[in-house]
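> Have a look; sequence and predicted model below, questions after that.
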Amino acid sequence: MTERVAILGTGNMGEAVLAGAIGAGWSPGDVTATVRATEHGTARAASLRERHGVATTTDNAAAVTGAELAVVAVKPKDVPAVLDEIAPVLTAGAVVVSVAAGVTTAAMERSLRPGTPVVRTMPNTPAQIGAGITAVAPGAAADETHLALVERFLAGTGDVVRVAEKDLDAVTALSGGGPAYVFTVIDALAEAGVHAGLKRDVASRLARQTVLGAARLAVETGEHPAILRERVTSPAGTTAAGLRVLEERAVRAAFLAAVEAARARSLELGA
Ligand SMILES: NC(=O)C1=CN([C@@H]2O[C@H](COP(=O)(O)OP(=O)(O)OC[C@H]3O[C@@H](n4cnc5c(N)ncnc54)[C@H](O)[C@@H]3O)[C@@H](O)[C@H]2O)C=CC1
Ligand SMILES: O=C(O)[C@@H]1CCC=N1
């Protein structure tokens, strides 16, 4: 027995969260996913019904009627319009959860009836396979019970961590967008392998599994990445030669600047 959930705007992130929760046992019969009333939306709705067994509609207000959880997963600029649609019909005590980058709980609360519990979150797309991490921060009217419900729903999407709302822009920059940085690394490593003479399928397999294996080793041993890196790096060996190039090309500084730029953009989206 699971609570009734509405996913409002079921694009990349909405579907990833939905798939993670359902994959971990949330009943598809308790989930309604909304799409836009366009040709593309109609096709997408059919595909969501077929692949996940959820109900679909283009009517956000109808979707939240009777729902205990309303997950807002539209683009940040579209959040106010969706909140305006659902505010009059939201069940008393229902929790509004947002995954939108930058949009503050205070801004959302202004569009909702006074006292509506709001939880702002920042998931990432590995949620789709239960390997995500989501940071959550409560709004003014969200208490422990509301947070617990949101965390139980998100548990199927992977790890969940509570943070202060002021930290969510940094979270967005690191783990929200982080998969994109890592996919760039996988892609670059595979291309480098091809350049070094490997067949494309072999290079791609080596690159993907190397990133997965390194991540799992870091997570499962809990050891500092610098220690794990040292164990790969033989004195005057091949890895030392490669790492030297990464340092010369300021790859660490590039990651620092990328996360800072993404955080600044998240702050801008919320302004
Ligand atoms: N893509 C990602 O990796 C992450 C995205 N986010 C956040 O998730 C939100 C959605 O991003 P994406 O899924 O990437 O975008 P998307 O464009 O794939 O999904 C948004 C969906 O909402 C639909 N939509 C727009 N207005 C609607 C309305 N009034 N009623 C019903 N459906 C409506 C669109 O047709 C689209 O399918 C954004 O606010 C973003 O900041 C957060 C974490 C990671
Ligand atoms: O790029 C974006 O704005 C969203 C938020 C984090 C990941 N994707």
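That came through, no problem. Numbers count the residues shown, from 1 in each chain. Ligands and ions are numbered 1, 2, ... in the order given.
> Can you give me every residue that contacts the residue in the stretch 1-150 of the chain that ligand 2 sits nearest to?
As assessed by Cβ to the nearest ligand atom, ligand 2 sits closest to Ala101 within the stretch 1-150 of the chain, at 3.9 Å. To be clear about C-beta, it is placed using only N, CA and C from the backbone, and glycine gets the same treatment. By Cβ atoms under 8 Å, 6 or more residues apart in numbering, the contact list for Ala101 reads Pro76, Met122, Thr172, Gly176, Arg265, Ser266, Leu269.
> Check what pLDDT it gets.
We have a pLDDT of 96 for Ala101.
> how much space between it and Gly41?
Here the criterion is Cβ to Cβ, to the nearest Å. By it, Ala101 lies 22 Å from Gly41.
> can you check Thr239 too?
Noted for Thr239: a distance of 49 Å to Gly41, by Cβ to Cβ.
> Which of the three states applies to the residue lying closest to Gly115 once chain neighbours are set aside?
Distances taken as Cβ to Cβ, 6 or more residues apart in numbering place Ala141 nearest to Gly115, at 5.0 Å, with adjacent residues excluded. On the three-state scheme (DSSP: H, G, I helix; E, B strand; the rest coil), Ala141 is labelled coil.
> Return the nearest residue of the stretch 151-271 of the chain with respect to ligand 1.
Counting by Cβ to the nearest ligand atom, the stretch 151-271 of the chain gets nearest ligand 1 through Gly176, at 4.4 Å.
> For that residue, which non-adjacent residue is closest in space?
Nearest non-adjacent residue to Gly176 (Cβ to Cβ, 6+ apart): Met122, at 4.7 Å.
> what are the bridge partners for that neighbour, then?
For Met122, the beta-bridge partners are Ala135 (DSSP bridges).
> ok, it touching Gly132?
No - assessed by Cβ atoms under 8 Å, Met122 is found out of contact with Gly132, at 10.2 Å.
> ok, then the element right after the longest helix anywhere in the chain?
Determined from DSSP state H, the single longest helix within the chain is helix 200-221. Going down the chain from helix 200-221, the next helix or strand is helix 225-232, by DSSP states H and E.
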